[in-house]
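Visitor: one predicted model, sequence on top.
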Amino acid sequence: MNIESTERKAGLLVKSTYAPPWWLPGGHLQTIFAYALAANPLIDYRRERWETPDGDFIDLDWLDSANDEAKLLVLFHGLEGSSRSHYALSIMALAQQQGWRGVVPHFRGCSGELNRLPRLYHSGDSREIDWILRRLKEENPQREIYVIGVSLGGNALLKWLGETGRDAGAIVERAATVSAPLDLHAAASVLDVGSRKTIYTRSFIESLKPKILAKIAEHKLKIDPAAVLACATFREIDDLYTAPIHGFTNALDYWTRSSSKPWLQHIQIPTLLINARNDPFLPAAALPQEREVSASVNFEFPGSGGHVGFVSGKIPGSLDWLPQRIMRFFAAT
């Protein structure tokens, strides 16, 4: 079957080749182990700073190539991620082996230095995606560009692909996303309660709090620092800071307008969605049906893998499956 057939009226559910190792059961272990697994330490990035149109800056970490005609792989990281996240290192390691150029644009405040403006970044920041990708294409007009979005970065990328439609094809050849929280309402509903709140949400929010407190102090924001320190859920932090500082009414408004799921039916370039059904960050019931996805989208929902996990092989395991799967999709014609 030609999975890129133009006769398709809806997305294609692809049978996954991923199988978890017997010694690593369950979505939680698969998520946490991948995060802790030592990734390739040999990636030598070159850092570049871009000034943004609104007077801020972002830092980009480049994987250079001696081949002037090398394809360019762009990776948008997840919440509080960076070019040193386990998935970024494993993907860029394979890109390096295959002679590609690579770049990880850091969302504002994620490169190790806090950005200048009161704002940070958010799950629906497709305008930032648009600006970055258009500039990359302007600076690489003859180079083929392929783009990956992971978790939060995947949601923002899918939203951009849907908003841009066919015009995206003038910028990127193909796209892939991993563990994107397609429905932010559904994601918050599981992350803000029970053990997931303890295991995951607390870690993310504790990472965000110092940044937000620094913004309050530097820009004299009318946000009570004590209220920030008391935040324990995504709803609380999004109501207090993320939503109002980025132009949303409240957390519910932010989640509704930023979720990428409604945009999947408008994507017009070849795109691969990879989401594990046991992802602790998103209930399997929130994953899209074929009728909710355009004919340009292939989606792969393995039963296991966790959130950006997909560990494979014998103990101690490897992170090879995910980059290999994505690069095969990018190489398809």
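Guide: The structure has been received and is ready for your questions. Everything numeric in this text was worked out from a predicted model, so none of it was measured.
Visitor: now do the buried residues in the lengthiest helix in the chain.
Guide: Criterion DSSP state H: the longest helix present in the chain is helix 202-219. Buried positions in helix 202-219, judged by neighbour count with 16 or more other C-beta atoms under 10 Å: Phe204, Ile205, Leu208, Lys209, Lys211, Ile212, Leu213, Lys215, Ile216. From N, CA and C alone the C-beta is placed, and that goes for glycine too.
Visitor: residues near Tyr241, how many?
Guide: Neighbourhood size, Tyr241 [other C-beta atoms under 10 Å]: 25.
Visitor: which residue, other than its chain neighbours, is closest to it?
Guide: The shortest distance from Tyr241 to any non-neighbouring residue, by C-beta to C-beta, 6 or more residues apart in numbering, is to Ile212 (5.2 Å).
Visitor: using the three-state scheme, assign Gly109.
Guide: Per DSSP: H, G, I helix; E, B strand; the rest coil, the local secondary structure of Gly109 is coil.
Visitor: what about it, distance to Gly313?
Guide: The gap separating Gly109 from Gly313 is 35 Å, by C-beta to C-beta, to the nearest Å.
Visitor: just want to know which of these two has more residues nearby.
Guide: More neighbours surround Gly109 than the other of Gly109 and Gly313, with 22 against 11 (other C-beta under 10 Å).
Visitor: can you pull the contacts of the more buried one?
Guide: Under the criterion of C-beta atoms under 8 Å, 6 or more residues apart in numbering, the neighbours of Gly109 are Asn115, Leu120, Tyr121, Lys211.
Visitor: in helices, which of these appear?
Guide: Lys211.
Visitor: right, and the pair among the contacts of Gly109 with maximum separation?
Guide: Comparing every pair within the contacts of Gly109 by C-beta to C-beta identifies Tyr121 and Lys211 as the most remote, at 10.2 Å.
Visitor: sorry, back to before: and the buried residues of helix 202-219 as a markdown table, adding distance to Pro283?
Guide: Output for the buried residues of helix 202-219, formatted as a markdown table (distance: C-beta to C-beta, whole Å):
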| residue | distance to Pro283 |
| --- | --- |
| Phe204 | 18 |
| Ile205 | 21 |
| Leu208 | 23 |
| Lys209 | 27 |
| Lys211 | 29 |
| Ile212 | 28 |
| Leu213 | 32 |
| Lys215 | 32 |
| Ile216 | 34 |
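Visitor: reformat those as a markdown table; add pLDDT.
Guide: Output for the buried residues of helix 202-219, formatted as a markdown table (pLDDT from 0 to 100):
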| residue | pLDDT |
| --- | --- |
| Phe204 | 98 |
| Ile205 | 98 |
| Leu208 | 98 |
| Lys209 | 98 |
| Lys211 | 98 |
| Ile212 | 98 |
| Leu213 | 98 |
| Lys215 | 98 |
| Ile216 | 98 |
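Visitor: from those, which is closest to Lys261?
Guide: Lowest distance from Lys261 to those (C-beta to C-beta) belongs to Phe204, with 21.0 Å.
Visitor: show me what counts as buried in stretch 90-106.
Guide: Going by neighbour count (16+ other C-beta under 10 Å), the buried part of stretch 90-106 is 90-96, 100-106.
Visitor: those in helices, which ones?
Guide: Judged by DSSP H, the subset of these located in helices is Ser90, Ile91, Met92, Ala93, Leu94, Ala95, Gln96.
Visitor: the last one reaches Gly102, doesn't it?
Guide: Yes: the pair Gln96 and Gly102 passes the contact test of C-beta atoms under 8 Å, sitting 7.2 Å apart.
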